[in-house]
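Undergrad: Let's see this in three dimensions:
(one chain, ligands or ions: 2)
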Amino acid sequence: MPEIIFDRVGKLFPSTGKPGLVDVSFTINKGSFSSIVGASGSGKTTTLRIIAGLEQETSGHVVVPGRVGMVFQNAALFPWATALENVSFGLQMQGEKPVHVRATAEKYLAMLGLSAQAHLYPRMLSGGQRQRVGIARALAIEPPVLLLDEPFSALDEEVRLELCHDVLRIWQETGITVVMISHQLDEAVALSQKVFVMKQFSVAGTCDINLPYPRHPHAPEVVALVDHVRSIYRGEGNTV
Ligand SMILES: Nc1ncnc2c1ncn2[C@@H]1O[C@H](COP(=O)(O)OP(=O)(O)OP(=O)(O)O)[C@@H](O)[C@H]1O
Ligand SMILES: [Mg+2]
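TA: Ligands and ions are numbered 1, 2, ... in the order given. Got it, this is the predicted structure:
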């Protein structure tokens, strides 16, 4: 069942008169894991921001969830708040009871393996731990959709792989719909059921991935699909 629908969506930024999106159409099913890849400036973040309701389309039609959890590239935590307080913030804003806020925040910190760091401030956490707090904070409001904008790109390879593994586990445990922007084609193919390739403000092609999880990055079928996505990226291939 579709949870997100873009039908010939355009976005023209009034401040510059320039486009962010041109004629973008796609659907994302409830409970699925999708990735968006593509060159810098191709419209990936604009797409995510429209899904999140942070930006309004200027043409076409969208169906987006009313509530989303969003994780940014640099975690964007409140520096003056502990990990637990950061994760609690959205729930407090929703007017939840303090006991419920605390229990839910602790649950999601635990899900990300951060119970021991609950009372630390962001400056006391590693980059990977900060991203984990960002993910726990996004999940804490229990949204139907989790949006991730290049959440691992500032991390070293080992931490990136650990976090990929965690996001996959959380998706499988919670059944949440995930849409992730990635610069790494292998990461997108290893995690997603569908990869959208964006080029010049539009979707140049999509690739469906029906391989079982977990996927080994060096498995021949994974490597073949990464090559296929790369060929769409370079303009040699088309939609599968
Ligand atoms: N608030 C804004 N005002 C004006 N133009 C914008 C704004 N946000 C994005 N753009 C423009 O829209 C286009 C798409 O930007 P977007 O941020 O969606 O790209 P992206 O694919 O996420 O790139 P990157 O990989 O570098 O993050 C770019 O040309 C960008 O300059
Ligand atoms: Mg971006």
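
Undergrad: my guess is residue 113 contacts residue 133, does it?
TA: No - contact criterion Cβ atoms under 8 Å: residue 113 and residue 133 do not qualify, at 11.0 Å. C-betas here are computed from N, CA, C, even on glycine.

Undergrad: In the helix ranked longest in the chain, which residues are buried?
TA: Using DSSP state H, we find that the single longest helix of the chain is helix 157-174. With burial defined by 16 or more other Cβ atoms under 10 Å, the residues of helix 157-174 counted as buried are 159, 160, 163, 164, 166, 167, 168, 170, 171.

Undergrad: now do stretch 210-224
TA: The neighbour-count criterion (16+ other Cβ under 10 Å) identifies 215, 222 as the buried residues of stretch 210-224.

Undergrad: gap between it and the chain center?
TA: Its chain's average C-alpha position is 21 Å from that of stretch 210-224, according to Cα atoms, centre = their mean, to the nearest Å.

Undergrad: circling back to that earlier point, export the buried residues of helix 157-174 to TSV and tack on distance to ligand 2?
TA: Below are these laid out as TSV (distance: Cβ to the ion, whole Å):
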residue	distance to ligand 2
159	21
160	17
163	18
164	19
166	22
167	18
168	22
170	22
171	21
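
Undergrad: so the closest residue in space to residue 83 that isn't next to it in sequence is in which element?
TA: Spatial nearest neighbour of residue 83, excluding adjacent residues (Cβ to Cβ, 6 or more residues apart in numbering): residue 133 at 4.8 Å. Per DSSP states H and E, residue 133 falls inside helix 127-140.

Undergrad: after that helix, next one along is what?
TA: strand 145-149.

Undergrad: what about that next one, average pLDDT?
TA: Mean pLDDT, strand 145-149: 97.

Undergrad: Now it: buried residues?
TA: Neighbour count says strand 145-149 has 145, 146, 147, 148, 149 buried, by 16+ other Cβ under 10 Å.

Undergrad: helices or strands next to that strand in the packing?
TA: In terms of contacts (3 or more Cβ pairs under 8 Å, 6 or more residues apart in numbering; DSSP states H and E), strand 145-149 is packed against helix 44-52, strand 68-71, helix 127-140, strand 177-181.

Undergrad: Which neighbours in the sheet does the second one have, and how are they oriented?
TA: The pairing partners recorded for strand 68-71 under DSSP bridges are strand 145-149 (parallel).

Undergrad: Where does pLDDT dip in this protein?
TA: 236-240 (pLDDT under 70).

Undergrad: how does it look with 90?
TA: Scanning the chain for pLDDT under 90 picks out 66, 72-76, 152-155, 183, 216-218, 233-240.

Undergrad: so who does the spatially most central residue of it touch?
TA: What sits nearest the mean C-alpha location of the chain, by Cα atoms, centre = their mean, is residue 148, with 2.0 Å. Residues in contact with residue 148, defined by Cβ atoms under 8 Å, 6 or more residues apart in numbering, are 70, 71, 135, 167, 178, 179, 180, 181.

Undergrad: and which of these is nearest ligand 1?
TA: Distance ranking of the contacts of residue 148 against ligand 1, using Cβ to the nearest ligand atom, places residue 181 first at 6.6 Å.
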